[in-house]
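Q: Could you work out the structure for the sequence below:
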Amino acid sequence: MKKLISLLLVLALAAALAACNNSASSTPGAASTSAGSSTADAAGQPSDGDGKTHVVYVGGKLGDAGIADATYEGFTRALEELPIYGEFIELPTDVASYRTTMLEACETDASLIFTSAGSGMIDVVIELAPQYPDKKFMVLDTPIDQEGISDMNNFYGILCAQNEVSFLTGYLAQRMSKTDKVGVVVGVEYPVLCDFVTGYISGAQAANPNVQIAVSASGDWVDQGAAKETALAQIRQGCDVIYCVGAASSFGSLEACKEEGVWGIGCDTDLAAQFIGIDDEQADCIITSAYKDWGQVSYDWIKTCLEDINAVPWGTVHLTGIADGGCKIIQNEIYDKQVPEEIKDEMEQLIADISSGKVQCPTYFDMTEEEYVALKESVMVK
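A: Numbers count the residues shown, from 1 in each chain. Just a heads-up that it's a prediction; the model follows:
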């Protein structure tokens, strides 16, 4: 069912893009620009820029219900509201081709190029940015301790405090658990995802120091079958709440939650909202999602660059978190229905305490690898 919904999302987006292309081709002075394996037109902007700034977004496959969709939403809003034109270049499934794809973006006349750090893209941008000094690059999910950028005057990283929002989901997961065993399924375990795991474990421990937590990686971001089997393995261990941090593959993990009658927690976007009225049984088991507002973050970066390019602190990584709205847990009608009032009150207090700094959320980026491994081993399901 989730595979079908994912496909429908992609088809709907494709239809919308096709409609935009038809509109642009029939409008005097407007053109559909093309780059990569998938493009978005310039939202009616003249292809010569007409004094507007050329922006390129290089992102993952649309329909992932994750960072690609969220960022694309902000990009299309920028195309509509700001004096820019541009295109979306879809990354290939083969990460070995990421460099070629980014080179394609660099060879356009774009002044601003942005992407996300996953699967080695951060290394590609750090390599190529110095070769294109007249272009400005922004990378979402750049690790806060990223090396090799401090002397770069055309690179800017943004990181949402996934440890903070995951602290909230971990606390909620443990409070909703009846077995004192919860799980987290990630797509691939790299530094940013390790920060998700660190926050989740720490939040669950804040609710119950004796909690047991299964931590697993399904292998990639698209294989829903693998993610489902990974979640089922955790459920067989007794986990009754699963945090699904796997982009499109999370649909598989969430399907396992529905079938086995346990709670699921989504990530990146409001995953429950996609099922309301379509598969209410699935929607009802997704008690919240860890939301990272990549659309707004991307829009704000573009807007700041247009207003004053020197206002961006190039060569740094900006951290946005619970306090400034960069991330949050989704508190929708499902959350209101499924989470008891007592726990909701605790969550509100925890949100306030994180925002004020009263509660400090541990982060992977302050740990050695040995400390991170020890943290996971300390909560291993027995």
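
Q: Next up, the contacts around D145.
A: F365 (CB atoms under 8 Å, 6 or more residues apart in numbering). In this view, the C-beta of every residue, glycine as well, is placed from N, C-alpha and C.

Q: do K337 as well
A: Applying CB under 8 Å, 6+ apart, we find K337 in contact with D284.

Q: Show the backbone phi and psi for it.
A: phi -80, psi -40 (degrees, to the nearest 10).

Q: what does C305 give?
A: Main-chain dihedrals, C305, degrees, to the nearest 10: phi -60, psi -40.

Q: Could you pull up phi and psi at the nearest residue to it once chain neighbours are set aside?
A: If the residues on either side of it in the chain are set aside, C305 comes closest to L112, at 5.7 Å by CB to CB, 6 or more residues apart in numbering. Main-chain torsions, L112, degrees, to the nearest 10: phi -120, psi 130.

Q: Equivalent analysis for V182, please.
A: Dihedral pair for V182: phi -130, psi 160, per degrees, to the nearest 10.

Q: quick one, what contacts it?
A: V182 is in contact with 170, 173-174, 204, 211-214, 239-243, counting by CB under 8 Å, 6+ apart.

Q: among the residues you listed, who's most crowded?
A: Y243 (35 neighbours; other CB atoms under 10 Å).

Q: name the element it belongs to?
A: strand 241-245 (DSSP states H and E).

Q: That strand pairs with which strands, parallel or anti?
A: Here strand 241-245 has these sheet partners by DSSP bridges: strand 181-186 (parallel), strand 263-268 (parallel).

Q: would TSV of the ones you listed with distance to T108 and mean pLDDT be doable?
A: Output for these, formatted as TSV (distance: least, CB to CB, whole Å; pLDDT from 0 to 100):
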stretch	distance to T108	mean pLDDT
strand 181-186	33	98
strand 263-268	27	95
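
Q: So which of the ones you listed is the most surrounded?
A: Stretch with highest mean neighbour count among those: strand 181-186 (a mean of 30; mean count of other CB atoms under 10 Å).

Q: Measure how the following helix or strand past that one sits relative to strand 263-268, angle-wise.
A: Next helix or strand after strand 181-186 toward the C-terminus (DSSP H and E): helix 191-207. Angle, helix 191-207 to strand 263-268, by axes from the mean of the first three to the mean of the last three CA atoms, to 10 degrees: 140 degrees.

Q: Put the alpha carbons of the very next helix or strand once past helix 191-207 into PDB.
A: Toward the C-terminal end, the helix or strand that comes next after helix 191-207 (DSSP H and E) is strand 212-217. Output of strand 212-217 as PDB, limited to C-alpha atoms (Å, rounded to 0.1, in the frame of the first residue of the first chain):
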ATOM      1  CA  GLN A 212      16.000  -0.800  25.900                       C
ATOM      2  CA  ILE A 213      16.400   0.500  22.300                       C
ATOM      3  CA  ALA A 214      17.000  -1.400  19.000                       C
ATOM      4  CA  VAL A 215      19.000   0.600  16.500                       C
ATOM      5  CA  SER A 216      19.100  -0.700  12.900                       C
ATOM      6  CA  ALA A 217      19.900   0.500   9.400                       C
END
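
Q: can you give me the mean pLDDT across strand 212-217?
A: Across strand 212-217, pLDDT averages out at 98.

Q: Any idea how many residues pack against the residue nearest to C305?
A: 21.

Q: Surely it touches K135?
A: Yes: with contact defined as CB atoms under 8 Å, L112 counts as touching K135 (7.3 Å).

Q: Quickly note the distance from V381 to S218.
A: 17 Å (CB to CB, to the nearest Å).

Q: do A129 as well
A: Noted for A129: a distance of 32 Å to S218, by CB to CB.

Q: do the same with I89
A: Separation of I89 from S218 (CB to CB): 26 Å.

Q: Could you do M367 as well?
A: Here the criterion is CB to CB. By it, M367 lies 23 Å from S218.

Q: Who has more neighbours out of these two?
A: Comparing M367 with S218 by other CB under 10 Å, the one with more neighbours is S218, at 26 against 16.

Q: wait, that one sits on V186?
A: Yes: assessed by CB under 8 Å, S218 is found in contact with V186 at 7.4 Å.

Q: Quick check: neighbours shared by these two?
A: Listed contacts common to S218 and V186 are G246; contacts here mean CB under 8 Å, 6+ apart.

Q: and the next element down the chain from the lowest-mean-pLDDT helix or strand in the chain?
A: Within the chain, no helix or strand scores below helix 2-25, which has a mean of 37 by mean pLDDT, DSSP states H and E. Downstream of helix 2-25, the first helix or strand assigned by DSSP H and E is strand 53-59.

Q: Tell me which residues are up against whichever helix or strand comes after that next one.
A: Where DSSP H and E defines the elements, the next helix or strand beyond strand 53-59 is helix 67-81. Identification of contacts with helix 67-81 by CB under 8 Å, 6+ apart yields 9, 40, 42-43, 45, 55, 57, 59-63, 84-86, 88, 114, 116, 118, 140-141, 247, 268-269, 292-299, 302-303.

Q: domains of this structure?
A: According to automatic domain parsing, the chain comprises the domains 2-160+294-320, 162-291+327-378.
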